[in-house]
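Q: Have a look at this fold, sequence not included:
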Ligand code: GLP
(Lines give C-alpha, C1' and ligand atoms only; values in the text may rest on other atoms or scores of the structure.)
Protein backbone atom coordinates (compact mmCIF):
# COMPACT_ATOMS: atom_id res chain seq x y z
CA UNK A 1 0.00 0.00 0.00
CA UNK A 2 1.44 3.34 -1.00
CA UNK A 3 0.36 6.25 1.21
CA UNK A 4 0.60 9.75 -0.25
CA UNK A 5 0.02 12.60 2.18
CA UNK A 6 -0.65 15.73 0.17
CA UNK A 7 -2.87 18.83 0.26
CA UNK A 8 -6.42 18.03 -0.78
CA UNK A 9 -6.15 20.49 -3.67
CA UNK A 10 -3.43 18.38 -5.31
CA UNK A 11 -5.13 14.98 -4.97
CA UNK A 12 -7.29 15.47 -8.08
CA UNK A 13 -4.33 16.20 -10.35
CA UNK A 14 -2.27 13.30 -8.96
CA UNK A 15 -5.04 10.78 -9.59
CA UNK A 16 -5.74 12.37 -13.00
CA UNK A 17 -2.06 11.66 -13.78
CA UNK A 18 -2.64 7.96 -13.02
CA UNK A 19 -5.78 7.91 -15.17
CA UNK A 20 -3.97 9.70 -18.01
CA UNK A 21 -1.08 7.21 -17.86
CA UNK A 22 -3.51 4.29 -17.91
CA UNK A 23 -5.52 5.61 -20.87
CA UNK A 24 -2.36 6.43 -22.82
CA UNK A 25 -1.22 2.84 -22.39
CA UNK A 26 -4.69 1.33 -22.78
CA UNK A 27 -7.29 3.62 -24.42
CA UNK A 28 -10.07 1.05 -23.86
CA UNK A 29 -9.34 0.76 -20.13
CA UNK A 30 -12.10 -0.06 -17.67
CA UNK A 31 -12.51 2.56 -14.94
CA UNK A 32 -14.21 1.98 -11.59
CA UNK A 33 -16.08 5.12 -10.56
CA UNK A 34 -17.12 6.11 -7.05
CA UNK A 35 -19.73 8.62 -5.97
CA UNK A 36 -19.37 10.85 -2.92
CA UNK A 37 -17.57 14.11 -2.30
CA UNK A 38 -14.08 12.58 -2.06
CA UNK A 39 -13.58 11.86 -5.79
CA UNK A 40 -14.97 15.22 -6.99
CA UNK A 41 -11.56 16.85 -7.37
CA UNK A 42 -10.44 13.88 -9.47
CA UNK A 43 -13.45 14.33 -11.74
CA UNK A 44 -12.78 18.08 -11.99
CA UNK A 45 -9.15 17.46 -12.98
CA UNK A 46 -10.04 14.79 -15.56
CA UNK A 47 -12.84 16.94 -17.03
CA UNK A 48 -10.45 19.89 -17.35
CA UNK A 49 -7.91 17.74 -19.21
CA UNK A 50 -10.63 16.47 -21.56
CA UNK A 51 -11.82 20.04 -22.16
CA UNK A 52 -8.24 21.10 -22.99
CA UNK A 53 -7.93 18.20 -25.44
CA UNK A 54 -5.15 16.55 -23.42
CA UNK A 55 -7.07 13.40 -22.56
CA UNK A 56 -9.86 11.35 -24.11
CA UNK A 57 -12.07 8.73 -22.47
CA UNK A 58 -13.88 8.00 -25.73
CA UNK A 59 -12.58 4.42 -25.87
CA UNK A 60 -12.97 3.68 -22.15
CA UNK A 61 -15.73 1.94 -20.22
CA UNK A 62 -16.76 2.31 -16.60
CA UNK A 63 -18.52 0.56 -13.75
CA UNK A 64 -19.87 2.29 -10.67
CA UNK A 65 -19.69 0.77 -7.21
CA UNK A 66 -23.12 0.97 -5.69
CA UNK A 67 -26.68 2.22 -5.77
CA UNK A 68 -29.57 2.78 -3.38
CA UNK A 69 -32.44 0.31 -3.62
CA UNK A 70 -35.78 1.72 -4.68
CA UNK A 71 -35.02 5.28 -5.81
CA UNK A 72 -36.80 6.15 -9.07
CA UNK A 73 -34.76 6.39 -12.28
CA UNK A 74 -33.49 9.97 -12.56
CA UNK A 75 -33.88 10.71 -8.84
CA UNK A 76 -31.20 13.33 -8.11
CA UNK A 77 -29.94 11.27 -5.15
CA UNK A 78 -29.60 8.03 -7.14
CA UNK A 79 -25.91 7.31 -7.65
CA UNK A 80 -26.48 6.79 -11.38
CA UNK A 81 -27.80 10.37 -11.62
CA UNK A 82 -25.00 11.68 -9.40
CA UNK A 83 -22.18 10.09 -11.43
CA UNK A 84 -23.73 11.40 -14.67
CA UNK A 85 -23.81 14.93 -13.27
CA UNK A 86 -20.47 14.84 -11.46
CA UNK A 87 -18.46 13.12 -14.15
CA UNK A 88 -19.92 11.40 -17.22
CA UNK A 89 -21.69 14.47 -18.63
CA UNK A 90 -18.43 16.45 -18.34
CA UNK A 91 -16.19 14.08 -20.29
CA UNK A 92 -16.29 12.16 -23.59
CA UNK A 93 -16.96 8.78 -21.96
CA UNK A 94 -19.98 7.30 -23.79
CA UNK A 95 -22.82 7.21 -21.27
CA UNK A 96 -24.04 3.81 -22.55
CA UNK A 97 -20.66 2.36 -21.60
CA UNK A 98 -21.06 3.45 -17.98
CA UNK A 99 -22.70 0.66 -16.01
CA UNK A 100 -24.07 0.66 -12.50
CA UNK A 101 -25.76 -1.87 -10.25
CA UNK A 102 -29.55 -1.81 -10.70
CA UNK A 103 -31.33 -0.87 -7.49
CA UNK A 104 -34.77 -1.10 -9.13
CA UNK A 105 -34.66 -4.59 -10.62
CA UNK A 106 -37.60 -6.82 -9.63
CA UNK A 107 -35.07 -9.60 -9.02
CA UNK A 108 -32.18 -7.88 -7.28
CA UNK A 109 -30.15 -11.06 -6.80
CA UNK A 110 -30.27 -11.82 -10.53
CA UNK A 111 -29.37 -8.20 -11.36
CA UNK A 112 -26.37 -8.39 -8.99
CA UNK A 113 -25.19 -11.63 -10.63
CA UNK A 114 -25.44 -10.12 -14.11
CA UNK A 115 -23.52 -7.04 -12.93
CA UNK A 116 -20.69 -9.30 -11.80
CA UNK A 117 -20.80 -10.99 -15.21
CA UNK A 118 -20.68 -7.63 -17.01
CA UNK A 119 -17.54 -6.61 -15.10
CA UNK A 120 -15.95 -9.97 -15.87
CA UNK A 121 -16.76 -9.86 -19.58
CA UNK A 122 -15.35 -6.32 -19.82
CA UNK A 123 -12.05 -7.84 -18.65
CA UNK A 124 -12.20 -6.50 -15.08
CA UNK A 125 -11.56 -3.03 -13.70
CA UNK A 126 -8.15 -1.49 -14.46
CA UNK A 127 -8.31 1.43 -12.03
CA UNK A 128 -10.84 1.63 -9.21
CA UNK A 129 -11.45 4.97 -7.51
CA UNK A 130 -12.65 4.65 -3.91
CA UNK A 131 -13.68 6.91 -1.07
CA UNK A 132 -14.10 5.64 2.47
CA UNK A 133 -16.98 5.97 4.91
CA UNK A 134 -16.38 7.19 8.46
CA UNK A 135 -17.18 3.64 9.61
CA UNK A 136 -14.55 2.21 7.26
CA UNK A 137 -16.90 1.09 4.51
CA UNK A 138 -15.84 1.06 0.87
CA UNK A 139 -18.61 1.22 -1.73
CA UNK A 140 -21.46 0.24 0.61
CA UNK A 141 -19.67 -2.69 2.25
CA UNK A 142 -20.60 -1.96 5.82
CA UNK A 143 -18.80 -3.40 8.87
CA UNK A 144 -19.32 -7.15 9.01
CA UNK A 145 -19.17 -7.54 5.22
CA UNK A 146 -17.57 -10.75 4.04
CA UNK A 147 -14.13 -10.23 2.56
CA UNK A 148 -15.17 -12.62 -0.24
CA UNK A 149 -18.46 -10.84 -0.96
CA UNK A 150 -19.68 -10.13 -4.49
CA UNK A 151 -22.27 -7.61 -5.73
CA UNK A 152 -25.32 -8.00 -3.49
CA UNK A 153 -27.96 -6.24 -1.41
CA UNK A 154 -26.77 -4.71 1.87
CA UNK A 155 -28.50 -2.91 4.72
CA UNK A 156 -26.98 0.47 5.54
CA UNK A 157 -25.81 1.19 9.07
CA UNK A 158 -27.35 4.01 11.08
CA UNK A 159 -23.98 5.79 10.89
CA UNK A 160 -23.98 5.75 7.08
CA UNK A 161 -27.60 6.88 6.93
CA UNK A 162 -26.70 9.78 9.23
CA UNK A 163 -23.61 10.62 7.11
CA UNK A 164 -25.64 10.55 3.88
CA UNK A 165 -28.66 12.42 5.30
CA UNK A 166 -27.15 15.63 3.91
CA UNK A 167 -28.44 14.54 0.49
CA UNK A 168 -31.91 13.73 1.88
CA UNK A 169 -33.01 17.03 3.47
CA UNK A 170 -30.87 16.26 6.52
CA UNK A 171 -33.22 13.39 7.48
CA UNK A 172 -31.49 10.02 8.13
CA UNK A 173 -34.91 8.34 7.97
CA UNK A 174 -35.30 9.43 4.34
CA UNK A 175 -32.06 7.67 3.34
CA UNK A 176 -32.96 4.29 1.83
CA UNK A 177 -32.29 1.41 4.19
CA UNK A 178 -30.95 -0.88 1.48
CA UNK A 179 -28.45 -0.65 -1.32
CA UNK A 180 -26.80 -2.84 -3.93
CA UNK A 181 -23.04 -2.76 -3.86
CA UNK A 182 -20.02 -4.40 -5.41
CA UNK A 183 -18.62 -6.78 -2.82
CA UNK A 184 -15.21 -6.59 -1.19
CA UNK A 185 -14.21 -9.61 -3.29
CA UNK A 186 -15.31 -7.76 -6.44
CA UNK A 187 -13.32 -4.62 -5.55
CA UNK A 188 -10.25 -6.69 -4.68
CA UNK A 189 -10.10 -7.89 -8.30
CA UNK A 190 -9.48 -4.38 -9.66
CA UNK A 191 -5.91 -4.16 -10.91
CA UNK A 192 -5.14 -0.82 -9.25
CA UNK A 193 -7.13 0.68 -6.38
CA UNK A 194 -6.87 4.41 -5.67
CA UNK A 195 -8.51 5.50 -2.41
CA UNK A 196 -8.90 9.17 -1.58
CA UNK A 197 -9.86 10.73 1.75
CA UNK A 198 -9.71 14.23 3.16
CA UNK A 199 -10.60 15.86 6.46
CA UNK A 200 -10.38 14.89 10.12
CA UNK A 201 -13.68 13.02 9.94
CA UNK A 202 -11.90 10.29 7.96
CA UNK A 203 -8.82 10.07 10.23
CA UNK A 204 -9.97 7.08 12.27
CA UNK A 205 -11.06 5.10 9.21
CA UNK A 206 -7.77 5.92 7.43
CA UNK A 207 -5.80 4.85 10.51
CA UNK A 208 -7.51 1.45 10.48
CA UNK A 209 -7.26 1.13 6.68
CA UNK A 210 -3.49 1.66 6.61
CA UNK A 211 -2.20 0.51 9.97
CA UNK A 212 -4.99 -1.36 11.73
CA UNK A 213 -5.63 -5.06 12.06
CA UNK A 214 -7.46 -6.56 9.10
CA UNK A 215 -10.94 -6.90 10.47
CA UNK A 216 -14.55 -7.15 9.35
CA UNK A 217 -15.22 -4.23 11.71
CA UNK A 218 -13.25 -1.96 9.33
CA UNK A 219 -14.03 -3.39 5.86
CA UNK A 220 -11.49 -1.20 4.02
CA UNK A 221 -8.69 -3.04 5.84
CA UNK A 222 -9.06 -5.88 3.31
CA UNK A 223 -7.15 -3.58 0.94
CA UNK A 224 -3.99 -4.38 2.93
CA UNK A 225 -4.14 -7.70 1.06
CA UNK A 226 -4.32 -6.03 -2.37
CA UNK A 227 -1.03 -5.88 -4.32
CA UNK A 228 -1.54 -2.37 -5.72
CA UNK A 229 -3.32 0.24 -3.63
CA UNK A 230 -2.52 3.96 -3.55
CA UNK A 231 -4.05 5.98 -0.70
CA UNK A 232 -4.15 9.76 -1.16
CA UNK A 233 -4.89 11.64 2.07
CA UNK A 234 -4.58 15.21 3.26
CA UNK A 235 -2.90 16.14 6.57
CA UNK A 236 -6.17 15.95 8.53
CA UNK A 237 -7.14 12.51 7.24
CA UNK A 238 -3.55 11.38 7.91
CA UNK A 239 -3.49 12.83 11.44
CA UNK A 240 -3.80 9.44 13.15
CA UNK A 241 -1.19 7.63 11.07
CA UNK A 242 1.66 6.46 13.28
CA UNK A 243 4.10 6.21 10.38
CA UNK A 244 3.11 9.50 8.69
CA UNK A 245 6.71 10.79 8.65
CA UNK A 246 7.87 7.63 6.92
CA UNK A 247 5.11 7.88 4.28
CA UNK A 248 6.02 11.53 3.66
CA UNK A 249 9.73 10.85 3.30
CA UNK A 250 9.34 7.78 1.12
CA UNK A 251 6.99 9.68 -1.22
CA UNK A 252 9.46 12.58 -1.36
CA UNK A 253 12.17 10.11 -2.40
CA UNK A 254 10.06 8.31 -5.02
CA UNK A 255 11.81 7.92 -8.34
CA UNK A 256 15.26 7.51 -6.72
CA UNK A 257 15.15 3.80 -7.47
CA UNK A 258 13.25 1.95 -10.16
CA UNK A 259 10.47 0.02 -8.53
C1 LIG B 1 -21.00 6.63 0.43
C2 LIG B 1 -20.54 5.81 -0.77
C3 LIG B 1 -19.08 5.47 -0.72
C4 LIG B 1 -18.28 6.70 -0.34
C5 LIG B 1 -18.69 7.19 1.02
C6 LIG B 1 -17.92 8.41 1.49
O7 LIG B 1 -21.49 5.88 1.47
N8 LIG B 1 -21.28 4.60 -0.92
O9 LIG B 1 -18.65 4.96 -1.98
O10 LIG B 1 -16.91 6.40 -0.33
O11 LIG B 1 -20.07 7.54 0.96
O12 LIG B 1 -18.44 9.56 0.87
P13 LIG B 1 -17.73 10.96 0.88
O14 LIG B 1 -16.61 10.87 -0.08
O15 LIG B 1 -18.79 11.92 0.41
O16 LIG B 1 -17.29 11.22 2.27
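A: Perfect, I can see it now. As the structure is a computational prediction, the values presented were derived from the model and not from experiment.
Q: where exactly do the helices run in the stretch 101-250 of the chain?
A: Along the stretch 101-250 of the chain, counting by DSSP state H, counting those that start in this stretch, helices occupy 108-121, 158-164, 184-187, 203-211, 244-252.
Q: is it possible to export these to CSV including distance to residue 127 and mean pLDDT?
A: C-beta here means a position set from N, CA and C on the backbone, and glycine is covered the same way. Output for these, formatted as CSV (distance: least, Cβ to Cβ, whole Å; pLDDT from 0 to 100):
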stretch, distance to residue 127, mean pLDDT
helix 108-121, 13, 98
helix 158-164, 25, 93
helix 184-187, 12, 98
helix 203-211, 18, 98
helix 244-252, 19, 96
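Q: wait, what's in contact with the residue nearest to residue 123 when sequence neighbours are not counted?
A: Excluding its sequence neighbours, the residue lying closest to residue 123 (Cβ to Cβ, 6 or more residues apart in numbering) is residue 30, at 6.2 Å. The neighbours of residue 30, taking Cβ atoms under 8 Å, 6 or more residues apart in numbering as the test, are 60, 61, 62, 63, 119, 122, 123, 124, 125, 126.
Q: how many other residues sit next to the fifth one?
A: Taking other Cβ atoms under 10 Å as the criterion, the count of residues near residue 119 is 21.
Q: Next to the ligand in this structure, residues from the stretch 51-200 of the chain, please.
A: Contact residues (Cβ under 6 Å from any ligand atom) of the stretch 51-200 of the chain with the ligand: 65, 66, 131, 132, 133, 139, 140, 160, 164.
Q: Does the second one touch residue 115 like I think?
A: Put plainly, it is residue 66. No. Judged on Cβ atoms under 8 Å, residue 66 makes no contact with residue 115 at a distance of 10.5 Å.
Q: what touches both of these two?
A: Joint contacts of residue 66 and residue 115 (Cβ under 8 Å, 6+ apart) are 101, 180, 182.
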